[in-house]
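Q: what would the 3D arrangement of this be:
(one chain, ligands or ions: 2)
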Amino acid sequence: MSDYIYSIDAKEVNKTFKKKLKETIALKNFNIQIKKGSIHGLLGPNGAGKSTFINILGGLVKKDKGNIKICGLDIDTETKKSKFKIGIVPQELNIDPFFTPYELLELQAGLYGIKKNNRKTLEIINNVGLTDQKDSYARTLSGGMRRRLLIGKALVHDPDMLILDEPTAGVDINLRKSLWEYIKKINKLGTTVCLTTHYLEEAEQLCEYITILNDGEIIANDTKNNLLNTISTKKVSFFLEKHLAIPKSLQKFECSINEKILTILYDKNKINLNKIITILNEENIKFTEINTYESKLEDTFIKLTNLKENYD
Ligand SMILES: Nc1ncnc2c1ncn2[C@@H]1O[C@H](COP(=O)(O)OP(=O)(O)OP(=O)(O)O)[C@@H](O)[C@H]1O
Ligand SMILES: [Mg+2]
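A: Residues are numbered from 1 along each chain as shown. Ligands and ions are numbered 1, 2, ... in the order given. Reported below is the predicted structural model:
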């Protein structure tokens, strides 16, 4: 097989769900290129179309239109080969409760036709941190353990790419962080990763590239850093030596003073922090501490999707 640059190369993908009289457009002229070796985030509000795309990749949903290549293989003409290239961790925790992690991974390896000698069941169980639970029924595993088991299940055939649909939904913060480390480790070892998440901090921590979808359409597709830069409002606060009224020269900014903390919002494209400090110095305003706040992916996301409510 020829070498490829994109682990996923999807062009003009369309999908409409039709049920009786109701039609739902889940994906509309959806294009995405996921670079080999990267960690790529797919973000968007509920119902944006993220799982639909992942399910199309996994062969669970049939697209109406468009072309998709997985690791250079067309999913329509090289269906089986292309499926072997990816491991998908689904959004739903669909694990047969009466199998143990060991049995489940063995079963999965069997489904992929991996010979007993070539299986890595114990190694994978160890990597996802389920060694102590390897012989316990899946129904006795916690939600976080089930998620890790599903990650293990997606890795049995050593895929070139791991696709995770909300890998840490409902997972506590410690486990989430350990899953992040694990995902980073897998990626460093050469596996391309695509994940969807509603935790914007997760995307910020993990993803180099981000695609934001809304109502089945792409509204942003860029590096994380470029997306963070689209928010030009920055915040700085100064801990003042003594309380004072806001001087006239600062009134062109959005300023507030609260308990000796002067907070200024400014447009980084129009003025830099140095200039603000110069103004304070000219006004002879003394301060003991400065705190600056970086823009967050959440700000970009809310701006782009027009979601007013707190998003998490
Ligand atoms: N099997 C289906 N039958 C009918 N409509 C569906 C089906 N699957 C998804 N949809 C609809 O398609 C749209 C996209 O759904 P999808 O599950 O892809 O969203 P999502 O971005 O994964 O959302 P979430 O963040 O809630 O997981 C939604 O309007 C959803 O109701
Ligand atoms: Mg989904």
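Q: what are the boundaries of the strands in the protein?
A: 6-19, 22-35, 39-43, 65-70, 73-74, 86-89, 161-165, 192-196, 209-214, 217-223, 233-240, 254-258, 261-267, 287-293 (DSSP state E).
Q: sheet-wise, list the partners of the fourth one with their directions.
A: As defined by DSSP bridges, the strand partners of strand 65-70 come to strand 6-19 (antiparallel), strand 73-74 (antiparallel).
Q: S232 is nearest to which of these?
A: Closest approach to S232 among those (Cβ to Cβ): strand 6-19, 30.9 Å. The way it works is simple: take the backbone N, C-alpha and C, and place the C-beta from them, glycine included.
Q: does ligand 1 sit close to that closest one?
A: Yes: contact of strand 6-19 with ligand 1 (Cβ under 6 Å from any ligand atom) involves 17, 19.
Q: what separates that strand from the chain centre, distance-wise?
A: Put simply, strand 6-19 sits 19 Å off its chain's centre (Cα atoms, centre = their mean, to the nearest Å).
Q: may I see the buried residues of that strand?
A: Across strand 6-19, burial judged by 16 or more other Cβ atoms under 10 Å covers 6-10, 13, 15.
Q: for stretch 226-244, same thing?
A: For stretch 226-244, using 16+ other Cβ under 10 Å, the buried residues are 227-228, 231, 234, 236-238, 240.
Q: closest to ligand 1 among the residues you listed?
A: Nearest to ligand 1 among the buried residues of stretch 226-244: L227, at 18.1 Å, using Cβ to the nearest ligand atom.
Q: how much space separates the nearest residue to the closest one once chain neighbours are set aside from ligand 2?
A: Leaving aside its sequence neighbours, L227 sits nearest to T300 (Cβ to Cβ, 6 or more residues apart in numbering; 5.0 Å). Using Cβ to the ion, to the nearest Å, T300 is found at 20 Å from ligand 2.
Q: oh, and call the first residue 31 from now on, that's how I've got it
A: Okay, residue one is now 31; in that scheme the one you just asked about reads as T330.
Q: go through this protein and flag its longest helix.
A: Scanning the chain for the longest helix, with DSSP state H as the assignment, gives helix 203-218.
Q: endpoints of stretch 279-288, how far apart?
A: When the termini of stretch 279-288 are compared using Cα to Cα, to the nearest Å, they are 18 Å apart.
Q: ok, residues contacting it?
A: Contact partners of stretch 279-288, identified using Cβ atoms under 8 Å, 6 or more residues apart in numbering, comprise 270, 273-276, 292-296, 306, 309-310, 312-313.
Q: filter those to the buried ones?
A: The buried subset of these (16+ other Cβ under 10 Å) comprises 270, 292-294, 296, 306, 309-310.
Q: give me the lowest-pLDDT entry from these.
A: Within those, pLDDT reaches its minimum at Y296, with 90.
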